[in-house]
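# Need coordinates for the following:
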Amino acid sequence: MIARRSVLAVATTLALAAAGFAEPASNDPNGLAFRDGVLDINWRPFAKVDDAQPRTGALTQLLEKNL
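This next block holds a predicted model:
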């Protein structure tokens, strides 16, 4: 499990965007990016709001790869 402290130590900025349907969403690893201390999330709050597991998995995978 990734500690919150580890994420905060390297992520200086959190960028949330709500792109259209053409872009991968936050439940897809391609809808997330972590570069130069910026965690970029393409969030679709209107799509399967209760389905948190894919979003959590994609975010965990990205952070584990970059921390």
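
# so how far is stretch 31-41 off the chain centroid?
Centroid separation between stretch 31-41 and its chain, computed with CA atoms, centre = their mean, to the nearest Å, is 7 Å.

# Can you give me the first-to-last residue distance of that stretch?
From its first residue to its last, stretch 31-41 covers 6 Å (CA to CA, to the nearest Å).

# Show residues contacting it.
7, 10-17, 23-26, 42, 58-59, 62-63, 66 (CB atoms under 8 Å, 6 or more residues apart in numbering). For every residue, glycine as well, the C-beta is placed using N, CA and C.

# Output the longest helix anywhere in the chain as CSV, nothing but the C-alphas.
Counting residues, the longest helix in the chain under DSSP state H turns out to be helix 52-66. Written as CSV, here are the backbone C-alpha positions of helix 52-66 (Å, rounded to 0.1, in the frame of the first residue of the first chain):
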residue,chain,number,x,y,z
ALA,A,52,-14.3,3.1,-7.5
GLN,A,53,-12.2,-0.1,-7.9
PRO,A,54,-11.0,0.5,-11.5
ARG,A,55,-10.0,4.1,-10.6
THR,A,56,-8.2,3.0,-7.4
GLY,A,57,-6.4,0.2,-9.3
ALA,A,58,-5.2,2.5,-12.2
LEU,A,59,-4.0,5.2,-9.7
THR,A,60,-2.2,2.7,-7.5
GLN,A,61,-0.5,1.1,-10.5
LEU,A,62,0.7,4.6,-11.8
LEU,A,63,2.0,5.7,-8.4
GLU,A,64,3.7,2.4,-7.6
LYS,A,65,5.5,2.6,-11.0
ASN,A,66,6.6,6.3,-10.4
